[in-house]
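**Student:** next come a sequence and a model predicted from it.
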Amino acid sequence: MEQVLTGVGARDAVNDEKAVRTVALASLIGTTVEWYDFFLYGTITGLVFNKLFFPSGDAFVATALAYTVYAVGFATRPLGGILFGHFGDRLGRKPLLIVTLTIMGVSTFLIGLVPTYDSIGIAAPLILLFLRLLQGIGLGGEWGGAVLMAFEYAPRDKRGQFAAYPQIGLAVGLCLSTGVVALLSSTLTDAQFMSWGWRLAFMLSLVLVAVGMFIRLRVLETPEFARIKDSQHVAHVPLSEIVRDYRRNVLLGWGARYIDGVVFNVYAVFAISYLVGTLHFPKTPILLAVTLAALVLVVTIPYASKLSDRVGRRRVFAWGALACGVSSIPALAVMHFSSNVWWVSLAVIVPLGVVYAFVYGPEASLFCELFDTRVRYTGISVVYQVSGIVSSSITPLIAATLLEYGGHKPWWIAVYVLGVGCLSAACAKAMKRTY
């Protein structure tokens, strides 16, 4: 009898592990689609939108306007996070993820159809602005739900590892977005790319959404939320509980999240415009460098996340934040002084593909552990999305302004990144685990 029970227990463990991996895969594919859609706008902004969707004249003004619309997507992410977090904590994680995926895919596809400024005038940037708002709302609700699906299904000693699957979606989405643009820009003439080639990258979104929807519809609600719902302990107004009981955790989460948004947007968004527009490097190898950095992240994010399961999330995150700040100095120096495209590519790949992983990998589980299950969707969405307004949305604009202020030299940008790294490390060390 003992042997039979042992066999059943082993089989159940295998089935549980398989279920966790299926849910993690669904989260990975869903966030890949969402991040592809969201990053594609950032990749195209410095190459196309500043030329086709805003009045021509001063190149700096056109680029600043394009990045301002880019920032709007981050401004609406808190709205999406709070809205979907509220219903996700009341109704469940899964149904909300279907809605967010649909919103994101349709809005991205429609961006590929918007006429240019020369065709319809001021209506062009206004339509672009509206669709960017929808993108922000969709992604605002997506990230928290996808992370929770993986985190709440995972064994407690592997939650860092499995909660990192949606984080890997950022790397794959970035890889796809920059890779598709690089492929189109290298196979088409500049005139073809500027005329219609860039639009194909946005229209591809519908194919990715179909794949993500197929897999996401096959997963079940998380056992942890199901227990809360069965016991009738569901929060009625999750946001009010967050404000009342978790203010310290939210503030520390915002501070910790700061370095994530700054580092990513300096290397994956601003650097493209800086290296191509200011330093006049060819755009294809620069896009390929960002793509390679994303591929490296697919390996380094899981490693950093597993490390956080062994030695602690706060420790890994804090040292990662400091490393991100310090590494910005040599990386930006190489970009400024070197005329060799290979060295410049390494200056993007190393800080973004390797160092950044030790912040972004353990981040999801770090934030999840700040909140109880009944308010966790709202809690992590408030931390991640609200902080994105400062940490992510205006970083390309801040970097462009600091570059202009510094006489087209990047030293003030390096100082800014270093300061943010120290702040985020201090906030991570000050956190206390709630869950």
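**Tutor:** Sure thing, it's come through.
**Student:** going by C-alpha atoms from here, please, whenever you check contacts or count neighbours.
**Tutor:** Fine.
**Student:** how near is the most centrally placed residue in the chain to residue 245?
**Tutor:** What sits nearest the mean C-alpha location of the chain, by Cα atoms, centre = their mean, is residue 170, with 5.2 Å. Distance of residue 170 to residue 245, computed by Cα to Cα, to the nearest Å: 31 Å.
**Student:** give me phi/psi at residue 236?
**Tutor:** phi -80, psi -40 (degrees, to the nearest 10).
**Student:** need the pLDDT of it.
**Tutor:** Note on residue 236: pLDDT of 75.
**Student:** once you drop chain neighbours, what's closest to it?
**Tutor:** Using Cα to Cα, 6 or more residues apart in numbering and skipping the chain neighbours, the partner closest in space to residue 236 is residue 90 (6.8 Å).
**Student:** over to residue 170?
**Tutor:** Using Cα to Cα, 6+ apart, the nearest residue to residue 170 is residue 35, at 5.6 Å.
**Student:** that neighbour touches residue 166, doesn't it?
**Tutor:** No - shown here, residue 35 and residue 166 do not form a contact pair, counting by Cα atoms under 8 Å, at 10.0 Å.
**Student:** okay, those two: which has more neighbours?
**Tutor:** A side-by-side neighbour count of residue 35 and residue 166, using other Cα atoms under 10 Å, places residue 166 first with 32 against 27.
**Student:** for the stretch 201-350 of the chain, what are the low-confidence residue spans?
**Tutor:** For the stretch 201-350 of the chain, the stretches flagged by pLDDT under 70 are 219-222, 224-226, 229-232.
**Student:** ok, which stretches of it are helices?
**Tutor:** Assigned by DSSP state H, counting those that start in this stretch, the helices in the stretch 201-350 of the chain fall at 205-216, 223-230, 238-245, 247-265, 271-273, 283-311, 313-337, 341-349.
**Student:** list the buried residues in the first one.
**Tutor:** By that I understand helix 205-216. 205, 206, 208, 209, 212, 213, 215, 216 (16 or more other Cα atoms under 10 Å).
**Student:** before we move on, the earlier item: run a quick neighbour tally on the residue nearest to residue 236.
**Tutor:** Considering only other Cα under 10 Å, residue 90 is surrounded by 21 other residues.
**Student:** so it versus residue 237, what's the distance?
**Tutor:** From residue 90 to residue 237 the distance is 8 Å (Cα to Cα).
**Student:** show me what the strand or helix carrying residue 71 is packed up against.
**Tutor:** Element membership for residue 71, per DSSP states H and E: helix 59-75. For helix 59-75, the packing partners by 3 or more Cα pairs under 8 Å, 6 or more residues apart in numbering; DSSP states H and E come out as helix 50-52, helix 123-153, helix 395-405.
**Student:** with mean neighbour count, mean pLDDT and distance to residue 352 as added columns, please give those in JSON lines.
**Tutor:** Below are the helices and strands packed on helix 59-75 laid out as JSON lines (neighbours: other Cα atoms under 10 Å; pLDDT from 0 to 100; distance: least, Cα to Cα, whole Å):
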{"stretch": "helix 50-52", "mean neighbour count": "20", "mean pLDDT": "75", "distance to residue 352": "25"}
{"stretch": "helix 123-153", "mean neighbour count": "25", "mean pLDDT": "83", "distance to residue 352": "20"}
{"stretch": "helix 395-405", "mean neighbour count": "20", "mean pLDDT": "87", "distance to residue 352": "15"}
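**Student:** so the closest residue to residue 238 other than its chain neighbours, which state does it fall into?
**Tutor:** Leaving aside its sequence neighbours, residue 238 sits nearest to residue 375 (Cα to Cα, 6+ apart; 5.3 Å). Of the three states, residue 375 takes helix according to DSSP: H, G, I helix; E, B strand; the rest coil.
**Student:** correct me if wrong: residue 166 contacts residue 148.
**Tutor:** No - between residue 166 and residue 148 there is no contact under Cα under 8 Å: 9.4 Å.
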